[in-house]
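J.: Need a 3D model of the following:
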Amino acid sequence: MNSRYLTPLTIMSLAWLSACTPTRVSNQVSIDSPAQWQHAANAQSAETADLKTWWQGFNDPLLNELIDKALAANHDLKIATARVREANAMVTGAEAALYPSLDFSLSGGREKRIDRIVGVPSGQGIKLITPTADAVSGGLAARWEIDLFGGRHLEAEAAAAQAEGSQEGLHAAQVGLLAQVATNYLELRGVQQRTGILQRNIELQRERLRTLQVFLKAGLANEADMVRQQTLLQSTEATLPVLTNAEQNLIHRLGVLLGEPPENLENRLAGVGPLPKATPTMPNLLPSDLLVQRPDLRLAQSEVSAAAASLGSARADLYPKLVVSASGGVGALAVGGFPSLAESVYALGSGLSAPIFNAGRIRAHIAAADARLDQVAANYELTFLLALEDVENAFVAHRSARDRFSQLTEAEGSAEKAYRLVDAMYQRGAGDYLVVLDAQRSKLAVSDERAKAETAVSVAMVSLYRAFGGGWTIHSGIDKASIR
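T.: Numbers count the residues shown, from 1 in each chain. So this is what the prediction gives:
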């Protein structure tokens with residue numbers, strides 16, 4: 001293409017054409033979303049905005065402090081944050097290809113040439129020595145590839161979508177971190193509560209063994225009863241190291257989640273601590289809200305957008321490319337003692353290139369990009385199904401744990417009542433002390449199960465908020481994917 005035909009109006013027209021991106025591919029994936037949850041609880045009162053700080057519903061200052069430290073120092077979040085910075089830098093690099101490039105060059109040097117001419121009649125060569133010459137040149141060169149069919153724009157869009165995906169990866173890491181900290185903390189408190197109950201049970205069984213030993217000496221019990229009680233005591237004591245090991249492991253895990261050496265929290269979290277009595281309210285979200293709230297779904301959507309843009313960019317390689325270039329500079333040459341000679345040059349040109357034969361390379365690239373789009377679209381649909389499963393399972397787990405906790409609370413009340421009755425009979429001289437100890441042991445056994453169920457209720461609520469993607473803020477201006 002001759003440069004004299006490249007008028008400003010032509011350049012503006014080509015730039016406008018490039019913005020149309022005629023090779024663009026739709027990134028919309030149709031998702032079939034249920035109208036409501038199948039296993040949701042009847043009472044749902046929390047608003048979507050409450051998902052950001054859902055853990056504060058436990059009303060536990062220590063849990064709040066641990067989560068604050070985790071958000072500030074967790075290494076997984078640091079890694080995800082660095083990935084976001086990397087992806088944003090890649091966006092800048094991709095967008096730079098949309099603009100002209102301008103390069104500056106400067107060179108200089110000294111030259112002296114000695115040439116020999118042979119073949120003269122005398123048979124001797126003649127040396128020609130040129131004077132020493134100093135040369136300096138410099139200039140500017142500009143180049144701009146006009147994006148006629150949107151390939152460069154789509155490459156930039158793909159990079160932007162990948163950067164958005166890295167941001168959603170950070171959100172997903174934050175959601176998982178909050179759930180891990182809360183779950184491990186609640187399980188730690190549950191184990192500590194069970195440890196306290198077990199220690200009381202051990203003391204009670206030791207008391208029963210001592211009583212049997214006294215009865216055996218008085219002829220009121222046999223040796224078999226005492227051996228059975230000793231076996232029961234030993235088996236009960238063997239449970240204590242298991243709970244101690246679980247407690248230490250949970251403390252160590254919390255330390256790592258907070259970005260600290262595992263043993264740093266032992267002094268602060270060791271010992272018996274109560275489970276939080278308050279719990280967050282049930283989230284009030286529809287299945288379709290997951291498409292906006294869950295970071296993994298937003299990440300899957302960004303992968304679809306990136307793949308669609310990459311496919312459009314690959315298709316643009318089938319069409320011609322137009323490059324506009326311009327250069328200009330000055331040079332100076334000084335020979336011997338003569339005055340320096342200066343000259344200036346400039347060039348303005350354009351070039352048009354189009355693929356004719358490349359052994360199917362471009363078509364193969366397009367086919368691969370199209371297959372990649374099908375993959376991420378299917379993954380997006382699968383991720384949504386898994387999210388629905390995650391929430392439904394969390395609803396079922398919470399309801400089951402709550403029902404079990406309610407039943408065991410009633411059973412604990414009945415065991416307490418039975419213990420009080422046999423103790424009252426014993427106080428009046430109408431009962432057996434061993435029966436009193438057995439009633440108290442039964443009550444402690446029910447209390448242990450009730451403590452496990454109470455922990456399960458709280459942990460199930462954490463799982464429910466994790467399934468809903470709680471723990472980060474939805475930015476404004478986010479459009480939902482196509483839903484039917």
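
J.: can you give me the helices in the stretch 301-450 of the chain?
T.: Per DSSP state H, counting those that start in this stretch, the stretch 301-450 of the chain carries helices over the ranges 361-427, 433-467.

J.: Now do the last one and helix 361-427, the angle between them.
T.: Pointing back at helix 433-467 there. In terms of direction (axes from the mean of the first three to the mean of the last three CA atoms, to 10 degrees), helix 433-467 departs from helix 361-427 by 160 degrees.

J.: Just the buried residues of helix 433-467, please?
T.: By neighbour count on 16 or more other CB atoms under 10 Å, the buried set for helix 433-467 is 434, 436-441, 443-467. From N, CA and C alone the C-beta is placed, and that goes for glycine too.

J.: Check the offset of that helix from the chain's centre.
T.: The chain centroid and the centroid of helix 433-467 are separated by 34 Å, computed with CA atoms, centre = their mean, to the nearest Å.

J.: Who are the packing partners of it?
T.: The helices and strands touching helix 433-467, judged by 3 or more CB pairs under 8 Å, 6 or more residues apart in numbering; DSSP states H and E, are helix 151-217, helix 361-427.

J.: where exactly do the helices run in the stretch 1-150 of the chain?
T.: 8-19, 61-73, 75-96.

J.: Any regions of the protein where pLDDT drops low?
T.: Counting by pLDDT under 70, the chain contains low-confidence ranges at 1-21, 42-49, 112-130, 333-342, 426-431, 433, 474-484.

J.: For Thr409, which of the helices of the stretch 1-150 of the chain is the nearest?
T.: Comparing those by their distance to Thr409 (CB to CB), the top pick is helix 61-73, with 23.1 Å.

J.: centre of the chain versus that closest one, how much separation?
T.: 18 Å.

J.: Buried residues of that helix, list them for me.
T.: Leu63, Leu66, Ile67, Lys69, Ala70.

J.: Can you add distance to Arg361 and give these back as a markdown table?
T.: Formatted as a markdown table, these follow (distance: CB to CB, whole Å):
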| residue | distance to Arg361 |
| --- | --- |
| Leu63 | 57 |
| Leu66 | 55 |
| Ile67 | 52 |
| Lys69 | 53 |
| Ala70 | 49 |
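
J.: burial measure for Gly108, as a count.
T.: Gly108: 11 surrounding residues under other CB atoms under 10 Å.

J.: Just give the nearest non-adjacent residue to it, would you?
T.: The shortest distance from Gly108 to any non-neighbouring residue, by CB to CB, 6 or more residues apart in numbering, is to Val136 (4.2 Å).

J.: Next up, the contacts around that neighbour.
T.: By CB atoms under 8 Å, 6 or more residues apart in numbering, the residues touching Val136 are Leu106, Ser107, Gly108, Gly331, Ala332.

J.: For it, give the beta-bridge partners.
T.: Counting by DSSP bridges, Val136 forms beta bridges with Gly108, Ala332.

J.: hang on, the earlier thing: now restrict the contacts of Val136 to buried residues only.
T.: Gly331.

J.: how many other residues sit next to Lys277?
T.: Lys277, neighbours per other CB under 10 Å, totals 10.

J.: Same check on Gln56?
T.: If we define neighbours as other CB under 10 Å, then Gln56 has 15 of them.

J.: One more: the one 4 residues further on?
T.: By other CB under 10 Å, the residues close to Asp60 number 22.

J.: That one against Pro276, yeah?
T.: Yes. Applying CB atoms under 8 Å as the test, Asp60 and Pro276 come out as touching, 4.4 Å apart.

J.: if we can go back for a sec, Gln174: which of the helices of the stretch 301-450 of the chain is closest?
T.: Of all those, helix 433-467 comes closest under CB to CB, at 10.9 Å.

J.: any idea of the angle that closest one forms with helix 151-217?
T.: Interaxial angle, helix 433-467 versus helix 151-217 (the same axes, to 10 degrees): 180 degrees.
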